[in-house]
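J.: need coordinates for the below:
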Amino acid sequence: METLNIGTKIKKLRELKNLTQEHMASVIGVTQSAYSRMEMGDTEITYSKLERIAGELGMKPEEVIAFNESMVFNVMHNQTGNGLIIQHNHLSSEERDLYRAQIEVLKEEVSYLKKIIDSLIK
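T.: Below you'll find the model as predicted:
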């Protein structure tokens, strides 16, 4: 499986947010053609530019860097507009078991806290 370069990652994320190259270029203070070269991998992206790009995408720079093609994005429409669901289907059975165990612990904690709240209300 080929790893996406940072420019391709930014392009995919920008498109998911329905943002134009012109908009992103203005955010980081470059021309649209300079921004396009960054997405194509022809120009290096400085960390300060990556920070501004990530901020505009509503992400942290490390989240942009970590974005990969094993994530499946499903865009759905709901009452509040466009929502984004990220499904990562490459968990090992051990990871799934850990998540299930953590969910059970949290369920027990919620139940316990509800009992405390109920007793305080009465």
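J.: which stretches in this protein count as strands?
T.: Ranges of strands in the chain, per DSSP state E, are 71-78, 81-88.
J.: the ones you listed: lowest mean pLDDT?
T.: In terms of mean pLDDT, the lowest-scoring of the strands of the chain is strand 71-78 (a mean of 43).
J.: gap between Leu57 and Asp97?
T.: Taking Cβ to Cβ, to the nearest Å as the criterion, Leu57 is separated from Asp97 by 33 Å. C-beta: built from backbone N, CA, C; applies to glycine.
J.: quick check: domain ranges of the protein?
T.: Annotated domains of the chain cover 6-88, 91-122 [automatic domain parsing].
J.: so where do the helices sit in the chain?
T.: Using DSSP state H, the helices of the chain run over 6-16, 21-28, 32-40, 47-56, 61-66, 93-121.
J.: mind putting those into a markdown table with mean pLDDT and mean neighbour count?
T.: A markdown table is the format used below for the helices of the chain (pLDDT from 0 to 100; neighbours: other Cβ atoms under 10 Å):
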| stretch | mean pLDDT | mean neighbour count |
| --- | --- | --- |
| helix 6-16 | 91 | 18 |
| helix 21-28 | 96 | 17 |
| helix 32-40 | 95 | 17 |
| helix 47-56 | 94 | 16 |
| helix 61-66 | 88 | 14 |
| helix 93-121 | 88 | 10 |
